[in-house]
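# here is the input, now give the coordinates:
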Amino acid sequence: MSAPTQRPPKVTEREARQVAEAARQQDWHKPSFAKELFLGRFRLDLIHPHPMPADEDVRRGEAFLAKLRAFCETRVDGARIEREARIPDETVTGLKELGALGMKIDPRYGGLGLTQLYYNRALALVGSVSPALGALLSAHQSIGVPQPLKLFGTQEQKDAFLPRLARSDISAFLLTEPDVGSDPARLATTAVPDGDDTYVLDGVKLWTTNGVVADLLVVMARVPSSEGHRGGITAFVVEGDSPGITVEHRNAFMGLRGLENGVTRFHQVRVPAANRIGPEGSGLKIALTTLNTGRLSLPAACAGAGKWCLKISREWAAEREQWGKPVARHEAVGAKISFIAATAFALEAVVDLASQMADEDRNDIRIEAALAKLYGSEMAWKMADELVQIRGGRGYETADSLAARGERAVPAEQLLRDLRINRIFEGSTEIMHLLIAREAVDAHLAVAGDIIDPDKALAEKARAGARAGGFYARWLPKLVAGQGQLPGAYAEFGDLATHLRYVERTSRKLARSTFYAMSRWQGKMELKQAFLGRIVDIGAELFAMSAVCVRAEHLRTTGAHGREARQLADAFCRQARLRVAELFGRLWANTDDLDRKVVDGVLAGSYSWLEEGILDPSDDGPWIAATPPGPSERENVHRKIP
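Okay, the predicted model is just below:
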């Protein structure tokens, strides 16, 4: 059966939102610290005392980290990967022999069975040597074939694929298309049923991390609705060397130069129905659920980067002298070092807390994982930027150039380039703001959503009004006062108690601000993306402050750097409070309305005169490449790593 011509479906904004909403995990069966935080309820009991891994998990995890560290020290050449823009085959082969492809795969299938906590620590370690290598391992296990199979695969699929993925086969996740990014409603790749036991895939996928070297792929494709077929976006496991698959191009980026990321074309690729993951139409739900914990790998890499920023800034700022003293002793530089140190502590606190919560599986961590990704990617970028500034001209100079003239080869500029993608990977900052905001207001929409839904009848709106009245009559009075106003609250945290009281008070203030905004804008609230972004950023700071205080208290009680940890926690919380105050101020005093007018003028060409006096070095190619269906006309650049 031939596939229909691929063109992104024409969808309205409302239809696109409905597709995204249908893919959401709708119910909350477990408590969520972050969800409660956005509702003005500071549930410290959900994260304190700090959750801890089991002794056997620690033994297994530490043993592997020791082997991985030795491997990275002796067999990974990060400078070579950067220079050649490719991870050597022997490096990947060595990781396979070490079992690194199966860190998260159950031992019954040949994997190591590491916890999320130790998996993330392993990624931070590898990423500190080569971010591209860390990305390869992360894409393989966090969003590639192993995780969706673990969550949604049949026993037959697990038996068939997981042993390969644990030891030898690299996997990739294929969702994005040349004209489809965060709007999956327009997905054009099709999977047309051909009888009862086969689908035929046609389409083109863009930015396929690991796609150039992958042996197994998770592919999201649209199944047309027909008799016996529900249809919808569906997930498939596809063999990377199947006839009709062509890797047409290996993409090159400003950073992560060793990343094996490409453009993959499917032409009449036959996939057994047995390789379908879950029922038809469940592909987006599978993808989003996979990312609930899969997103934690990215902030883990960011936490590792923060540690490196601290090490280099400490060593350099103590060595470099200007005007008679080390530059660290100059207040302008010292403030940057303090920010790096405090934020490095915070990123590790956030990642470790969220990871251990994922391992315990007592809480729903979809918001916590998303906040960790959002916060980690933004703050790590700022830390790297400050490191480059502290290093001055040497921060802008490449490591090879530094070495060539006899100085230490510090790849600070590379880190800045490598980290930049994290604000885009696995959901851009803007998309993460909207995703988290949607979850944060879920309780409100559950009781009052029908009131602002234009498709609901008057009777349904009336019933929703009654539900909302009861909910808000119980909820709003609780936002007036709380433990944050009691001088002795959280006394067991010592000097840090003042920060927890602040978090409790500010959580209620944040909930009140959200309610006021919903009352003011109602159905137009979803269009106030700048406002929602600030709401989410405040919540992220409060989550980080909570994680930092809990971690510092844990370190104090275990006798491991307790005094130093409390000092870092105090510094971070005071810095975070200043950021929160600014964000609250910008909730209601901002240029959002004027910005929209300026955008209208830009798009209308009203300011095109401002563009005069320059030349555009870009060529005149199309903004988005045409990807008509059919066989590939390019050389297949797929390569298999032995």
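
# what does the helix or strand containing Leu291 contact?
Here Leu291 sits within helix 283-294, counting by DSSP states H and E. If you take Cβ atoms under 8 Å, 6 or more residues apart in numbering as the criterion, helix 283-294 is touched by 19-20, 22-25, 116, 142-143, 147-148, 151-152, 173, 175, 184, 220-221, 232-235, 277-278, 358, 365-366, 369, 426-427. Backbone N, C-alpha and C define where each C-beta goes, glycine included.

# roughly how far apart are the spatially closest residue to His561 that is not a sequence neighbour and Asp418?
By the measure of Cβ to Cβ, 6 or more residues apart in numbering, the closest residue to His561 outside its immediate chain neighbours is Leu555, 5.7 Å from it. Taking Cβ to Cβ, to the nearest Å as the measure, Leu555 and Asp418 are separated by 29 Å.

# ok, which stretches of the stretch 401-550 of the chain are helices?
For the stretch 401-550 of the chain, the helices defined by DSSP state H, counting those that start in this stretch occupy 412-420, 429-440, 442-452, 458-475, 497-521, 529-558.

# hmm, I typed the wrong one, I wanted the stretch 51-200 of the chain.
Going by DSSP H, counting those that start in this stretch, the stretch 51-200 of the chain shows helices at 55-75, 78-84, 89-98, 116-129, 131-138, 146-152, 155-167.

# before we move on, the earlier item: so which of the helices of the stretch 401-550 of the chain is nearest Leu165?
Shortest distance between Leu165 and those, using Cβ to Cβ, is found for helix 412-420: 25.7 Å.

# before we move on, back to that, Leu555 and Asp418: which has the busier surroundings?
Asp418 (27 against 21; other Cβ atoms under 10 Å).

# tell me which residues touch that one, please.
With contact set as Cβ under 8 Å, 6+ apart, Asp418 has these partners: Pro131, Ala132, Gly255, Leu256, Ala305.

# repeat the analysis, applying 10 Å as the threshold.
By Cβ atoms under 10 Å, 6 or more residues apart in numbering, Asp418 lies in contact with 82, 127, 130-132, 134-135, 253-259, 301, 305, 384, 411.

# then Asp77?
Taking Cβ under 10 Å, 6+ apart as the criterion, Asp77 is in contact with Arg83, Glu84, Ile87, Pro88, Thr91, Val129, Ser130.

# ok, His554 next?
Going by Cβ under 10 Å, 6+ apart, the list of residues near His554 reads His48, Pro49, His50, Pro51, Met52, Ala349, Asp352, Leu353, Ala560, Gly562, Ala565.

# still on that earlier bit, any of the contacts of Asp77 buried? List them.
Those of the contacts of Asp77 that meet the buried threshold are Ile87, Pro88, Thr91, Val129, Ser130, by 16 or more other Cβ atoms under 10 Å.

# out of these, which is nearest to Val192?
Ranked by distance to Val192 (Cβ to Cβ), the buried ones among the contacts of Asp77 are led by Ile87 at 35.9 Å.

# just give the closest residue to that closest one, not the sequence neighbours.
Counting by Cβ to Cβ, 6+ apart, Ile87 lies nearest to Gly258, which is 4.6 Å off, once chain neighbours are set aside.

# about what we covered before: turn the helices of the stretch 51-200 of the chain into TSV, including mean pLDDT.
Written out in TSV, the entries for the helices of the stretch 51-200 of the chain read as follows (pLDDT from 0 to 100):
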stretch	mean pLDDT
helix 55-75	97
helix 78-84	97
helix 89-98	97
helix 116-129	97
helix 131-138	97
helix 146-152	94
helix 155-167	98
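
# my guess is Ser128 contacts Trp308, does it?
Yes - in terms of Cβ atoms under 10 Å, Ser128 counts as a neighbour of Trp308; the distance is 5.5 Å.

# ok, the two, which is more surrounded?
Using other Cβ under 10 Å, the more surrounded residue of Ser128 and Trp308 is Trp308, with 21 against 18.

# okay, the angle between the strand or helix carrying that one and helix 116-129?
With the criterion set as DSSP H and E, the secondary-structure element containing Trp308 is helix 297-319. Interaxial angle, helix 297-319 versus helix 116-129 (axes from the mean of the first three to the mean of the last three Cα atoms, to 10 degrees): 50 degrees.

# what residues of stretch 630-642 count as buried?
The neighbour-count criterion (16+ other Cβ under 10 Å) identifies Ser632, His638, Ile641 as the buried residues of stretch 630-642.

# got a pLDDT number for the first one?
Per-residue pLDDT puts Ser632 at 95.

# name whatever forms a beta bridge with the residue lying closest to it once chain neighbours are set aside.
With Cβ to Cβ, 6+ apart as the measure, Thr246 is the residue that lies nearest to Ser632, at 3.7 Å, once sequence neighbours are left out. Each beta-bridge partner of Thr246 is listed here, defined by DSSP bridges: Arg265.

# any idea how many residues pack against the residue lying closest to Arg579 once chain neighbours are set aside?
If you skip the residues right next to it in sequence, Arg579 has Glu541 as its closest partner in space, 5.8 Å away by Cβ to Cβ, 6+ apart. A count of nearby residues for Glu541, using other Cβ under 10 Å, gives 25.

# re the thing from before, anything in contact with each of Ser128 and Trp308?
Counting by Cβ under 10 Å, 6+ apart, the residues touching both Ser128 and Trp308 are Leu415.

# now for the nearest residue to Leu542 once chain neighbours are set aside: which residues touch it?
By the measure of Cβ to Cβ, 6+ apart, the closest residue to Leu542 outside its immediate chain neighbours is Val503, 5.1 Å from it. By Cβ under 10 Å, 6+ apart, the residues touching Val503 are 37, 42, 44, 484, 490, 510, 541-546, 549, 573, 576-577, 580.

# do Ala412 as well
By Cβ under 10 Å, 6+ apart, the contact list for Ala412 reads 308-309, 312-313, 316, 384-385, 387-391, 394-399, 402.

# can you rerun that using 8 Å?
Ala412 makes contacts with Ile312, Ala384, Leu387, Val388, Arg391, Arg394, Gly395, as judged by Cβ under 8 Å, 6+ apart.

# again with Glu82
The neighbourhood of Glu82, defined by Cβ under 8 Å, 6+ apart, consists of Ser130, Ala132, Arg257, Gly258, Ala399, Pro411, Gln414.

# Leu476 now?
With contacts defined as Cβ under 8 Å, 6+ apart, the neighbours of Leu476 are Phe515.

# give me the pLDDT for it.
The predicted structure scores Leu476 at 87 on the pLDDT scale.

# next one: Arg7
Looking at Arg7, its pLDDT reads 58.

# circling back: quick one: the residue nearest to His561 from Ala344, how far?
Using Cβ to Cβ, one gets 14 Å for the distance from Leu555 to Ala344.

# what about Arg408, neighbour count?
One way to gauge burial is a neighbour count; for Arg408, by other Cβ under 10 Å, it gives 12.

# neighbours of the closest residue to it other than its chain neighbours, how many?
Among residues not flanking Arg408 along the chain, Leu402 sits closest, at 6.6 Å (Cβ to Cβ, 6+ apart). By the criterion of other Cβ under 10 Å, Leu402 has 18 neighbours.
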